[in-house]
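> Using only what follows, build the 3D model:
(4 chains)
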2 protein chains.
Amino acid sequence: MTTGKNMKVDETSRKTDETRGPGRRLHGAIAHRLGTDILSGKYAPGEVLSGEVAFAEELKVSRSAYREAIQVLTAKGLVASRPKAGTRVLPRERWNLLDPDVLGWAFAGKPDIEFVRSLFELRAIVEPAAARFAARRRDKDDLKTMKDALAAMRRHTLTTDAGRAADRDFHNAILTATRNDALMVLSASIGAAVNWTTQFKQRARALPRNPIPDHVRVYDAIAAGDENAAAEAMNVLVDLALEDTRSAIEDRDAPQTQPDALAEE
Amino acid sequence: MTTGKNMKVDETSRKTDETRGPGRRLHGAIAHRLGTDILSGKYAPGEVLSGEVAFAEELKVSRSAYREAIQVLTAKGLVASRPKAGTRVLPRERWNLLDPDVLGWAFAGKPDIEFVRSLFELRAIVEPAAARFAARRRDKDDLKTMKDALAAMRRHTLTTDAGRAADRDFHNAILTATRNDALMVLSASIGAAVNWTTQFKQRARALPRNPIPDHVRVYDAIAAGDENAAAEAMNVLVDLALEDTRSAIEDRDAPQTQPDALAEE
DNA sequence: TCTCCCTATTTACTCCGACATATTATGTGC
DNA sequence: GCACATAATATGTCGGAGTAAATAGGGAGA
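The predicted structure follows:
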């Protein structure tokens, strides 16, 4: 029952080859493959992976590359390996779910709705608080950066790459203004992961509403140093993003209506 | 000069040997050593480490072990390595500061006061919100677990290991009751890191105040389903921990007064 | 019959030396 | 002075050999 070694290898090495771009190392690709497989539930918690030699052979890579990939997964709390016992997938609560890579792997396949909800709840907690800190501690440079980003957002819209980059700059400026490294890292991770779902959004349909005024409200409150107003304005922004993502996911999960009809735009 | 396997251990390999307990692998020890060195600023961001062969030789380990350690650090965003360019320490904003290991490394040496402040600010944001969710979503099992932990805390005090374990159980029960995985992981990481400084506290002096009543207030509010009261009670708890840690760190940073005088108890 | 310890096996861990690949730096021609 | 080809160098990948650790199983003693 253990082996299953003789299966066709085509399927096995497909993913590792796809993921292997230039600048992307082999062990990184393996980690990506195993990571997504674990996050997607293909390898359930508690399950033991095939031995080093067997698995490396199956993946058509050397043991070194395989081991380095396993070290990466171990570092992120996904697996743990001990001699004689083998390498087994750890229970979900041990996973570093806030690790950027893990978040990426979680959203690589069909993201779990419950987990998306968790992230948005966390975001709804953290972002307004961040805006509050920013309103209290921002200096002139912060405000200038935010203002420039806002202007860029207005020029290009959110439909262009430049526009989305400006959006990121704006939010990053807010995070910088909080003078709180932990908050910065956390918010950046969540934001990146959530925006990772934005590609669904953009693909599904045009944005339903002009987001600029809401951003301006946040900026004005931070510039004025009004903490409560900043938190409230940011809260609105998060709710908006939640609404967009929710409908996007609903569209994805219920594709009975022909996708072409939605993409007409 | 080739092997160097039987030679006496000198200063270079001191730390790696110390950290190398049973169940702790060699590459883990190397990662721990390099991690703490980076977090402590011994290797500044942007700095390039010596080449693989040179560094591995210096640490008296094989290149494989060294490379696996580097993969771990890479996975945590501390370093990045490219052919010909070498391995360089990434800027601080790329570090996964919320990774449990990274947090541990950060507190291994003298923790940066500013970073501790950041963590407590984040905790003050997250924990009350978690209590709020717990008050909304807890079920009977959650309440029972919390109640049991509370009773255990009363029996053994926080001065014993069993007592501190009960404290952890109590807070874990709250996190479980939030039904939010992201919140769970985050709060657990921060909590563990902050409690990592508690050993300073315990060492410095006896606890200045009985924490049980405050915990009871949190429990009562959650049991009653009163979200605002739960958040407020938890807020008090965080403030209390902050106060303790602050004074503990002040004691540590200003040891002019003979430590014996403080330890009389 | 049960417990405890000891042995044996399995598996990950570590080491080694060689080769491949990617990236930077250098040099050459225009 | 610039663009392109070339070489140098450090990381990346490979395969194999040997070590150490943890579990399972068997044997001795109670």
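
> From here on, just use CA atoms for contacts and neighbour counts.
Fine.

> Hmm, residue A:136 is touching residue A:225, no?
Yes - between residue A:136 and residue A:225 there is a contact at 5.7 Å, judged by C-alpha atoms under 8 Å.

> just the residues of the stretch 51-200 of chain A that are near DNA strand D, which are they?
Residues of the stretch 51-200 of chain A lying close to DNA strand D by C-alpha under 7 Å from any atom of the strand are A:60-65, A:82-85.

> hmm, try it at 6 Å
A:61-65, A:82-85 (C-alpha under 6 Å from any atom of the strand).

> What is the neighbour count of residue A:89?
Applying other C-alpha atoms under 10 Å in any protein chain shown, we find 22 residues neighbouring residue A:89.

> got the contact list for it?
A:38, A:43-49, A:78-80 (C-alpha atoms under 8 Å, 6 or more residues apart in numbering or on different chains).

> cutoff 10 Å now
Applying C-alpha atoms under 10 Å, 6 or more residues apart in numbering or on different chains, we find residue A:89 in contact with A:38, A:43-49, A:73-74, A:77-81, A:95.

> List buried residues within the residues of the stretch 51-200 of chain A next to DNA strand D.
For those, a neighbour count by 16 or more other C-alpha atoms under 10 Å in any protein chain shown gives the buried set as A:61, A:63, A:65.

> now those as TSV including distance to residue B:91?
Formatted as TSV, these follow (distance: C-alpha to C-alpha, whole Å):
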residue	distance to residue B:91
A:61	32
A:63	31
A:65	26
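
> between these, which is nearest chain B?
Distance to chain B across those (C-alpha to the nearest C-alpha) is lowest for residue A:65, with 9.6 Å.

> Which strand or helix spans that closest one?
In the assignment (DSSP states H and E), residue A:65 maps to helix A:63-75.

> Pull out the buried positions in the helix or strand following that helix.
The element immediately downstream of helix A:63-75 (helix or strand, assigned by DSSP H and E) is strand A:79-82. Of the residues in strand A:79-82, those buried under the neighbour-count criterion (16+ other C-alpha under 10 Å) are A:79-81.

> and the spatially most central residue of chain A, what helix or strand is that in?
For chain A, the residue nearest the mean C-alpha position is residue A:193 (1.8 Å; C-alpha atoms, centre = their mean). Assigned by DSSP H and E, residue A:193 belongs to helix A:181-196.

> ok, for the residue in the stretch 151-265 of chain A positioned nearest to chain B, nearest residue in space, not its chain neighbours?
Nearest to chain B, among the residues of the stretch 151-265 of chain A, is residue A:180, at 5.1 Å (C-alpha to the nearest C-alpha). Closest residue to residue A:180 apart from its sequence neighbours, by C-alpha to C-alpha, 6 or more residues apart in numbering or on different chains: residue B:118 at 5.1 Å.

> Output the contacting helices and strands for the helix or strand where that neighbour lies.
Per DSSP H and E, residue B:118 falls inside helix B:113-137. Judged by 3 or more C-alpha pairs under 10 Å, 6 or more residues apart in numbering or on different chains; DSSP states H and E, the packing partners of helix B:113-137 are helix A:113-137, helix A:181-196, helix B:140-155, helix B:161-177, helix B:181-196, helix B:212-224, helix B:227-253.

> Give me the neighbour count for the residue of the stretch 151-265 of chain A closest to chain B.
21.

> Contact partners for it?
Residue A:180 sits in contact with A:130, A:133-134, B:114-119, B:121-122, where contact means C-alpha under 10 Å, 6+ apart.

> could you flag which of those residues are buried?
The buried subset of these - by 16+ other C-alpha under 10 Å - is A:130, A:133-134, B:115-119, B:121-122.

> between the buried ones among the residues of the stretch 51-200 of chain A next to DNA strand D, which is closest to DNA strand C?
For those, the residue nearest DNA strand C by C-alpha to the nearest atom of the strand is residue A:63; the value is 7.8 Å.

> Identify the residue nearest the closest one in space, chain neighbours excluded?
Residue A:63 sits nearest to residue A:56 (C-alpha to C-alpha, 6+ apart), 5.5 Å away.

> Kindly report the same for residue A:32.
In space, residue A:32 is closest to residue A:105, 7.1 Å off (C-alpha to C-alpha, 6+ apart).

> Model confidence for the one you found, exactly?
Predicted confidence (pLDDT) for residue A:105: 95.

> and stretch A:152-168, which residues are buried?
A:152-154, A:157-158, A:163-164, A:166-168.

> for those, which one is nearest residue B:109?
residue A:168 (34.1 Å; C-alpha to C-alpha).

> is it true that that closest one touches residue A:215?
No - look at residue A:168 against residue A:215 with C-alpha atoms under 10 Å: they stay out of range, at 11.9 Å.

> Tell me where the model's unsure across chain A.
Along chain A, segments meeting pLDDT under 70 span A:1-23, A:198-208, A:249-265.

> residues in it within reach of DNA strand C, list them.
Near DNA strand C, when you scan chain A using C-alpha under 6 Å from any atom of the strand, you find A:22-23, A:50-52, A:81-87.

> what's the angle between whichever strand or helix holds residue A:57 and helix A:63-75?
Assigned by DSSP H and E, residue A:57 belongs to helix A:52-59. Between the axes of helix A:52-59 and helix A:63-75, defined by axes from the mean of the first three to the mean of the last three C-alpha atoms, to 10 degrees, the angle is 100 degrees.

> who does helix A:52-59 touch, helix- and strand-wise?
Looks like helix A:52-59 contacts helix A:9-18, helix A:63-75 (3+ C-alpha pairs under 10 Å, 6+ apart).

> again, 7 Å this time
If you count contacts as 3 or more C-alpha pairs under 7 Å, 6 or more residues apart in numbering or on different chains; DSSP states H and E, helix A:52-59 packs onto helix A:63-75.

> which parts of the helix it packs on are buried?
The neighbour-count check on helix A:63-75 (16+ other C-alpha under 10 Å) flags A:63, A:65-75 as buried.

> Can you name the residue of chain A nearest DNA strand D?
Closest point on chain A to DNA strand D, by C-alpha to the nearest atom of the strand, is residue A:26, at 2.9 Å.

> what about that residue, how many neighbours?
So residue A:26, with other C-alpha under 10 Å, has 20 neighbours.

> any idea how far it is from chain B?
As judged by C-alpha to the nearest C-alpha, to the nearest Å, residue A:26 and chain B stand 12 Å apart.

> again, but for residue A:34
Distance, residue A:34 to chain B, by C-alpha to the nearest C-alpha: 14 Å.

> In which helix or strand does that residue reside?
Assigned by DSSP H and E, residue A:34 belongs to helix A:26-39.

> from the chain's centre, how far out does that helix sit?
16 Å (C-alpha atoms, centre = their mean, to the nearest Å).

> what's that helix packed up against?
Packing partners of helix A:26-39 (3+ C-alpha pairs under 7 Å, 6+ apart): helix A:9-18, helix A:63-75, helix A:100-106.

> Could you list the residues in contact with stretch A:111-126?
Stretch A:111-126 has contacts (C-alpha atoms under 7 Å, 6 or more residues apart in numbering or on different chains) with A:190, A:235, A:238, A:242, B:125-126, B:129, B:180-183.
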